[in-house]
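S.K.: only geometry, no sequence info:
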């Protein structure tokens, strides 16, 4: 528990029983796991939004807004030491919805943990686009697409054939 990101895994029937929920076609033999990750020292300058849900009762949820979520996804893309194709899928999702990253939140995250943490950076669109263009050059796009493929239905899988340097360069210029 001496790490900044704390993790817990909730397993099996305990979750279903405690929350009084049911799933269609759920078998007691099937494994149900929920992984929780809690950052006990999150970067500053996050934005928040509030949503209202009605299951199992009416309630309000405060959550991080999409620009702040996008900032942390960008942080993962630039700083993760291994390839995770799902990050690039998410990147494409944010771009397609024209969501702009929360630059101050991204800057706080990069100062907290990144190859640039000890540098006095001003994070802006130009800096970000340049870092992405550098990153795109070294990605194995076939491996990235393969990482995502199992999560998509067959109609969505076809779009993975577009994943290459040129495709994501276009996405970066759409920021």
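M.R.: Sure thing, it's come through. All values derive from a computational prediction rather than experimental measurement. Numbering: from 1, shown residues only.
S.K.: okay, CA-based contacts and neighbour counts for the rest of this
M.R.: Fine.
S.K.: quick one, grab the pLDDT at residue 16.
M.R.: Residue 16 is assigned a pLDDT of 58 by the prediction.
S.K.: for residue 28, that is, sorry about that
M.R.: At residue 28, the model reports a pLDDT of 61.
S.K.: what's the answer for residue 55, then?
M.R.: Confidence per residue is given as pLDDT, and for residue 55 that number is 83.
S.K.: check residue 25 too.
M.R.: Model confidence at residue 25 (pLDDT) stands at 64.
S.K.: what's the spatially most central residue of the chain in contact with, if anything?
M.R.: With distances taken as Cα atoms, centre = their mean, the residue of the chain nearest its centroid is residue 73 (4.3 Å). Contacts for residue 73 were tallied using Cα atoms under 8 Å, 6 or more residues apart in numbering; they are 87, 90, 91.
S.K.: now, the residues you listed that are in helices?
M.R.: When DSSP state H defines the helices, the subset of the contacts of residue 73 inside them is 87, 90, 91.
S.K.: take those and lay them out in a markdown table including distance to residue 159.
M.R.: Converted to a markdown table, the ones in helices among the contacts of residue 73 look like this (distance: Cα to Cα, whole Å):
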| residue | distance to residue 159 |
| --- | --- |
| 87 | 16 |
| 90 | 14 |
| 91 | 15 |
